[in-house]
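**Q** Below are the sequence and a predicted model; questions follow.
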Amino acid sequence: MTWTDEELDAIGAAGELTIATERADGTTRTPVPIWVVRVGDEIIVRSWKGSGGAWFRQATRLPRARVQAGGVDRAVHLTATDPALRASIDRAYYDKYGRGPYVDAMVTDSAAASTLTLAP
């Protein structure tokens, strides 16, 4: 499956996305709000805590989750993002969220190492 243009637009415009990672038994954990950016036809997330973020650790163990943003509610698979896209993703965070300490934290090497792509 792929994202529809409407889903890409809605999620890309949303201020935050909630992500509920999946447990081995198929139930989901408590949803966590995170920032989300769109780069082309990709939906991208990062953990500002890098690999130490609880939702990120769970997503790397079992890369399935439910996300909600901009009226879209979808089950997704999380995959590693091509490191060659880092500059574009960093720019997308700055373009969407502006400048400041929170955004600066999202473009550190640690946060960049936790970049994941969401696929429906």
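**A** Structure received. Residues are numbered from 1 along each chain as shown.

**Q** residues in contact with the residue nearest to residue 88 when sequence neighbours are not counted?
**A** Spatial nearest neighbour of residue 88, excluding adjacent residues (C-beta to C-beta, 6 or more residues apart in numbering): residue 39 at 5.2 Å. Quick note: C-beta positions are derived from backbone N, CA and C, even for glycine. By C-beta atoms under 8 Å, 6 or more residues apart in numbering, the contact set of residue 39 is 85, 88-89, 92.

**Q** now with 6 Å?
**A** For residue 39, the contact set (C-beta atoms under 6 Å, 6 or more residues apart in numbering) comprises 88-89, 92.

**Q** same question, residue 3
**A** residue 120.

**Q** just the strands in the chain please.
**A** 17-21, 32-34, 36-39, 42-45, 64-69, 72-80, 116-119 (DSSP state E).

**Q** Relative to residue 54, which of those is closest?
**A** In terms of C-beta to C-beta, the element of those nearest to residue 54 is strand 32-34, at 7.7 Å.

**Q** Who are the packing partners of the closest one?
**A** If you count contacts as 3 or more C-beta pairs under 6 Å, 6 or more residues apart in numbering; DSSP states H and E, strand 32-34 packs onto strand 17-21.
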